[in-house]
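Here is a sequence with its predicted model. Questions after.
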Amino acid sequence: MLSILVSAMWISPYLSNLKIQARIVLQYRAQAWAGVFTQGVFGFIRVSLMIALFKAQPLQAMSLEQTVTYVWFTQMLLTFIAWGPDPLISAMVKDGTLAYEMVRPVRLSLMWYMRSLSFRGVIPLMRGLPIMLIASLLPKPLRLTWPSIEGMSVMETATWATTMVLCLAVAWLLAGAINNFINIAVVALMSDDGLVRLMPVVVFLFGGLIMPMPLFPDVMQGFIKAMPFVGIMDMPARVFSGHLAGIDALMAILFQCVWLLAIVAINDLWLESRLKRAVIQGG
Amino acid sequence: MQIEVKQLQKQFKVPIKQPGAFSTLRQLMKREYRTIDALKGVEFSISRGELIGYLGPNGAGKSTTIKALTGILVPDSGTVVVNGRVPWEQRQAHVATIGVVFGQKSQLWWDLPLSDSFELLRAIYRVPDDIYRVQWEWLISGMGIGDYLHQPVRQLSLGQRMRAELVASLLHRPEILFLDEPTIGLDATSKRIVRSFIKTLNREYGTTVLLTTHDMDDIEALCQRVMVIDQGHLAFDGSLDTLRKRVHNKRRLTLEYSGNLQFEVDQRLSAAGVVLLHDEIQQDKLVLEFDPEGFAPHELIKHISEGIHIRDLLIENPPIEEIVHRLYAQYTGERYVD
């Protein structure tokens, strides 16, 4: 009954794509599991760096414990950030398979968005949970520290959990949209090199992957806080540690939502206008 | 008229590299372009249910025309109306009614079984249950792909994949099917299967088919009407017979012979218009071009075999490229130089 309803709905192509793309990702399960190791090792390296940094000069914006927890959390969500455009999109632009996409009665930006979401949803789930588990069991000071639940009331715990889930969900949607922006840049610039390669750098630099956002110099704080990238990992990490709580957490989620809608809209309009001028390879 | 194309024009700008020592550096400052006129005023109409072959040399403008018809490309000027719509203006509504197969590209998901690709296409085109069931039945059995429906596409041979591509393009029961070189690279059996399927599709279901191909056998097997494009102009629009007769009604006889040979086109042969193609001469092999209405093939063979020991022979039409070039030469009034 439900499937009949779904198939008649406007959104059925997009939901179907979400499902199919997830299937494709799951084809490469071995690769996903291998990522647990690499992401774990890199987490360890980053954490060690932070510990060394704090030994030399303890910082005021965040404690060492909070910083280490933050690093582990962003490491779990690593796949939210793309290192480059979707290789399929690059290939499509180069070999002309883009033609097939344009011949489908769907909004392409949304279809590609579904693909981006699939990838960024399945893999963090597969890799993130094991990493979180292991990181929680490491000896101090390497440990990922959970917020102290004993000190909180049931109400507070429930609030924390809800905001956590909401923030993560919107972070996922936002990450997918930003990655889709990079994909569309490939179509717009007819190239997956050059400027397109710079975009991911901006994303993970200001997203908290190199260094937690609060540790950036005060001068840059205003600028960084205005950009959407903090919404990908930085905000969820700080909601987790309790750094962002109550009203602040809700404002953070609102910030994420506003950027999400803006980027999804930009993606759609940008792609549709560029497709009209796209030169399809192959004759 | 289901499809109407009027005065279709399209230019492409291609960057050119200037000669000179510092050209690469200079290109950073200012890019020079040359314009390629892909379409120079193409015009034709197609009625519902026609099966048309669209021919032309590489770079003639075939693909550009198809791209305009499918809504992928916006022309510089001219009009295209398909089923009452302008393809690139109402892209989504338009593409829902057409099917496309690009011979050199794939629309199937490489890592997944065929059935998954079909499932996604069904959702994309929002095909209702009853229509899908009917399409599924006759497509799967008609193209014989039931056996490998659950294999990942990367494991399929080219022939199997092309048949699957054809099925994929028809799942939503389009009114018009655009085929861009669908038999390229296929073996003889696969070609036969694909051709007979297209014929059935057109004859029994009334699907309009526009077929772009370099394979003359495709055209001869399927198309009553042929359109020929060369250098952006529509040089011919009519039946295949008319095309041949009008342009170059010749056959080519390729002979493999044994023994020493000094072959001369004697009086009788040259009087009947038989020509020895010097360019095609190889060791123990020669090619004659003749007019089958001036000299019947069997007579010609009989005549020649009196002078040479023939080991093998082949009679075929001249390549379509040649017919098209001769056609175009006639069209512009230039003399075709042999």
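On my side now, so go ahead. Just so it is clear, the model here is predicted, and its values are computed rather than measured.

Now do the helices in the stretch 1-150 of chain A.
Along the stretch 1-150 of chain A, the segments classed as helices by DSSP state H, counting those that start in this stretch run A:2-8, A:12-27, A:29-56, A:64-76, A:87-95, A:98-102, A:108-137.

Would you tell me which of those helices gets closest to chain B?
For chain B, the closest of these is helix A:12-27, at 3.4 Å, according to CB to the nearest CB. All C-beta spots, glycine's among them, are computed from the backbone N, C-alpha and C.

that older thread, got JSON lines for the helices of the stretch 1-150 of chain A, with mean neighbour count too?
As requested, those are arranged in JSON lines below (neighbours: other CB atoms under 10 Å in any protein chain shown):
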{"stretch": "helix A:2-8", "mean neighbour count": "11"}
{"stretch": "helix A:12-27", "mean neighbour count": "18"}
{"stretch": "helix A:29-56", "mean neighbour count": "15"}
{"stretch": "helix A:64-76", "mean neighbour count": "24"}
{"stretch": "helix A:87-95", "mean neighbour count": "17"}
{"stretch": "helix A:98-102", "mean neighbour count": "21"}
{"stretch": "helix A:108-137", "mean neighbour count": "20"}
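
What's the nearest residue in the stretch 101-250 of chain B when you look at chain A?
Closest approach between the stretch 101-250 of chain B and chain A, counting by CB to the nearest CB: residue B:123, at 3.4 Å.

mind checking pLDDT for that residue?
The per-residue pLDDT reported for residue B:123 equals 92.

likewise residue A:237?
On the pLDDT scale, residue A:237 gets 91.

surely it meets residue A:209?
No: counting by CB atoms under 8 Å, residue A:209 is not a contact partner of residue A:237; they are 10.6 Å apart.

which residues touch whatever residue of the stretch 51-200 of chain A ends up closest to chain B?
Residue of the stretch 51-200 of chain A nearest chain B, by CB to the nearest CB: residue A:105 (4.0 Å). Shown in contact with residue A:105 (CB atoms under 8 Å, 6 or more residues apart in numbering or on different chains): B:91-93, B:95-96, B:124-126.

Could you dump these into a markdown table and include secondary structure, neighbour count and distance to residue A:197?
Shown next, in a markdown table, are these (DSSP: H, G, I helix; E, B strand; the rest coil; neighbours: other CB atoms under 10 Å in any protein chain shown; distance: CB to CB, whole Å):
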| residue | secondary structure | neighbour count | distance to residue A:197 |
| --- | --- | --- | --- |
| B:91 | helix | 22 | 31 |
| B:92 | helix | 11 | 32 |
| B:93 | helix | 14 | 37 |
| B:95 | helix | 22 | 33 |
| B:96 | coil | 18 | 37 |
| B:124 | helix | 20 | 31 |
| B:125 | coil | 22 | 36 |
| B:126 | coil | 17 | 38 |
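
you'd agree residue A:192 is in a helix?
No: under DSSP: H, G, I helix; E, B strand; the rest coil, residue A:192 falls outside any helix and is assigned coil.

what sits against it?
By CB under 8 Å, 6+ apart, the contact set of residue A:192 is A:84-85, A:89-90, A:93-94, A:186.

If we use 7 Å, what do you get?
Shown in contact with residue A:192 (CB atoms under 7 Å, 6 or more residues apart in numbering or on different chains): A:85, A:90, A:186.

try residue A:59
residue A:215.

Distance check, it against residue A:68.
Using CB to CB, to the nearest Å, residue A:59 is found at 13 Å from residue A:68.

Mutual contacts of the two, please.
With CB under 7 Å, 6+ apart as the test, residue A:59 and residue A:68 reach no residue in common.

Show me the shaky parts of chain A.
By pLDDT under 70, the low-scoring segments of chain A are A:1-9, A:149-151, A:282-283.

Around chain B, which positions in it sit nearby?
Residues of chain A lying close to chain B (CB under 7 Å from any CB of the partner chain) are A:7, A:12-13, A:16-17, A:20, A:23-24, A:27, A:95-97, A:99-100, A:102-106, A:276, A:280, A:282-283.

which residues touch residue 114?
All of this refers to chain A. A:14, A:17-18, A:21.

That was the other one, I meant chain B.
By CB under 7 Å, 6+ apart, the residues touching residue B:114 are B:108, B:145, B:148-149, B:151, B:153, B:164.

hang on, the earlier thing: can you classify the residue of the stretch 101-250 of chain B closest to chain A as helix, strand or coil?
helix.

Next one: the closest residue to residue A:136 other than its chain neighbours from residue A:51, what distance?
Nearest residue to residue A:136, sequence neighbours excluded (CB to CB, 6 or more residues apart in numbering or on different chains): residue A:144, at 5.1 Å. Distance, residue A:144 to residue A:51, by CB to CB: 13 Å.

cool, and residue B:184?
As judged by CB to CB, residue B:184 and residue A:51 stand 61 Å apart.

Then residue A:222?
Here the criterion is CB to CB. By it, residue A:222 lies 29 Å from residue A:51.

got the contact list for residue B:38?
By CB under 7 Å, 6+ apart, the neighbours of residue B:38 are B:10-12, B:61, B:64, B:232.

Among those, name the ones in strands.
B:10-12 (DSSP state E).

Convert stretch A:214-222 to PDB, retaining C-alpha atoms only.
Taking C-alpha atoms only, stretch A:214-222 is exported to PDB below (Å, rounded to 0.1, in the frame of the first residue of the first chain):
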ATOM      1  CA  PRO A 214      36.900  28.000  18.800                       C
ATOM      2  CA  LEU A 215      40.700  27.800  18.700                       C
ATOM      3  CA  PHE A 216      41.000  30.000  15.700                       C
ATOM      4  CA  PRO A 217      42.200  33.500  16.400                       C
ATOM      5  CA  ASP A 218      39.400  35.900  17.600                       C
ATOM      6  CA  VAL A 219      40.000  38.100  14.500                       C
ATOM      7  CA  MET A 220      38.700  35.300  12.300                       C
ATOM      8  CA  GLN A 221      35.900  34.100  14.500                       C
ATOM      9  CA  GLY A 222      33.200  36.400  13.100                       C
END
